[in-house]
Structures are given as structure tokens and as C-alpha cells.
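K.L.:
Pasted the sequence and its predicted model underneath.
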Amino acid sequence: MLRRSLVILTILAGGPALAADPVFPPGSRIGLVPPAEMVPSRGLTGFRNPRSGAAILAVEMPAEAYANLAAGFTDEALKAQGFAIARRDTPEIGNGKAILITGEQTDNGRSVPKSVLLAAQPNMTALVIGQLPQGAPASDVAAIEAALKTVAFRAPLGIEEQLAALPFKIGDTSGFRVVRAMAGNAVLLTDGPNDTIREASQPVLIVAQSFGPAPGPEQREAFARSALVSNNFVKDAVLERSQSFKQGGSDWHEIVARAKEPGSEVPVIVMQTIRFEPDGYMRTVGVVKADQRDAVLPRFRRVVDSLAAQ
């Protein structure tokens, strides 16, 4: 009888281990159980394997974004974007709908394994992207898929928590109000009561830190101009000023341009300032109605001058 009891206890002890707790990158409401050797990554909301370069990126969006994004998750739409689907799943994530796709994305002539999770929650949409280097083994692809199925959520973070997780700090907000941090490396500021700004109704300033390779001195002018025209919140930009300068021991480039707000055609002024650093660059973009430029552009500059690494 004792032997039989010991056998039963042995079987029970050999059952599945307790699941690991999800890890939440600093400042993020989206967490997951990362694959082995993946750790929270500096400068982005997600995880990276320093050895292989594999990465998982988590993006928080408004709840209403789910429907539009889900409509683009058809095989045909993804194929048009160079994504060939191998598997499709609808895992249980939180308490809302979810879609998980795995396949290969063609990027600059290379096909890289990628898994994408789109998950709806009552007050947010989560887009979680896992990417592996070309030629990664099937076991690594399976590990990324398994990690995306462990996605979990936590309560909204306060502004102070969000700011503390950024790779930079703002010494002087110049009267602007912080709306939210974004993607673990950026922050949105405005001056006015609304968090969603339409038709340039309020000045907007975005500060973002990039840890990607910075262009060399001879390429910075072209890089800055290309970055400006790639913005989707202004159009028809006409440069007034584009100049490089040194300040505080760093190389800078700044552009001031006239433009239009895409939806309303309201005339705006856009000011883009890039500070180049040894391990990346910091970029700020401010947009304000043209008739408010004299009062607001100097305030953009005070914020820019107060930025420091943390």
C-alpha cells in the first residue's frame, strides 16, 4: 500500500512544471514569457537575443485599432506586403480576440522568419512581432510562437512610470504636457486639453531616441530631409532652413519647414532637430499652426536643449 502511494506521488510530482511569470519591459503594459537567452532590450519595448539578433517587439495601440489591423491580416493582404503565411492560429490571449500568424517576410531580398500576434483588449490593442535571422532553425521559430502565446497585460502605467522607463529625460517641458510614452523610446507632448490632436488644433512635440547606426557626417543632411518628408502627420513640406551645427559637444541638424496638416490642409510649421551620438541619435519633431510659430518654436527649442540620457 505504501509502495502504491509512493508511485502515485511520483507520478504527480512528474507533472508539468508551473508556468513562468510573464516579463514586462520597462514602461510597457504588454509582457510575455521570453524564449531562452532573450532579455528586455534597450531602446525598444520588447526583447532581444544579443547573440543571434532575434527580437520581439510589443506595440500598444488604442482599442479601436484592432478592427482595421485585423482586416489587413488576410492571406492576400499580407502576401502583397511580402509576407508568406505558413500557419495561422487564434490563441486565447487575455479576454479578447487574438490572431497569430507565422511565416516569412521578404526584406531587401532576404526571407526572414516572423510571427505576429494581434490581440484585442477592452482598452487597448496589442501588436507583438517576433523576428528571427534568416535561416533560423524550426525550433527557434517554434520558441517565438510559444512566447507570443504567453502574452499578458497589466494595468495602465502612470506618466511618471512611463517617463522613468525612457532612455532619456526631459529637463524642461517648457509648459507642454506629457501625453504618453511610446514604444519604450519616445514621448508625445502637447499644449492643450486633448490627448488626441486633430487638424493641428494643438502644438505637438515628439521626442524619440534611436539606438540604430547614425549616418556619417556627409550623409546627415540627406538623412534629415528624408526623415522629415517620411512623416505621415505633415505633407507638402517646403524647407525654410536646413542646417548642421555643434552644441554641447554633439553634432546636430535642424530643419524648419512650412507644410500642411494632411486631413484639413491647415498650414503648419514643422521643426525637426536631430542630435547625433556615438551609439545612435535623438530626434524631435514639433508641429504647430503657422500663425502660432513665433510663440511656440522657441518652446520646442527649450525642450530640445534640456534633453539628456538617463
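P.N.:
Everything's here; your move.
K.L.:
show me where pLDDT drops low in the chain?
P.N.:
Low-confidence segments of the chain (pLDDT under 70): 1-19, 43.
K.L.:
Any idea which residue is closest to the centre of it?
P.N.:
Ala183 (3.1 Å; CA atoms, centre = their mean).
K.L.:
List the contacts of that residue.
P.N.:
Leu44, Thr45, Leu57, Val59, Ala208 (CB atoms under 8 Å, 6 or more residues apart in numbering). C-beta here means a position set from N, CA and C on the backbone, and glycine is covered the same way.
K.L.:
ok, for Arg177, nearest residue in space, not its chain neighbours?
P.N.:
Thr190 (5.9 Å; CB to CB, 6 or more residues apart in numbering).
K.L.:
I'd say the one you found and Ala200 touch.
P.N.:
No. Counting by CB atoms under 8 Å, Ala200 is not a contact partner of Thr190; they are 10.9 Å apart.
K.L.:
quick one, which of those two is more surrounded?
P.N.:
Ala200 (24 against 20; other CB atoms under 10 Å).
K.L.:
can you map out the strands along the stretch 101-250 of the chain?
P.N.:
For the stretch 101-250 of the chain, applying DSSP state E, counting those that start in this stretch gives strands covering 110-121, 124-131, 152-153, 168-170, 177-182, 186-190, 204-210, 235-247, 250-260.
K.L.:
Format these as CSV; extra columns: distance to Ile85.
P.N.:
As requested, the strands of the stretch 101-250 of the chain are arranged in CSV below (distance: least, CB to CB, whole Å):
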stretch, distance to Ile85
strand 110-121, 10
strand 124-131, 14
strand 152-153, 25
strand 168-170, 38
strand 177-182, 28
strand 186-190, 30
strand 204-210, 30
strand 235-247, 33
strand 250-260, 38
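K.L.:
How about residues contacting the longest helix along the chain?
P.N.:
Ranked by number of residues, the top helix in the chain under DSSP state H is helix 293-306. With contacts defined as CB under 8 Å, 6+ apart, helix 293-306 is touched by 170-176, 189, 191, 203, 205, 207, 247, 256, 269, 271, 273, 275, 284, 286, 288.
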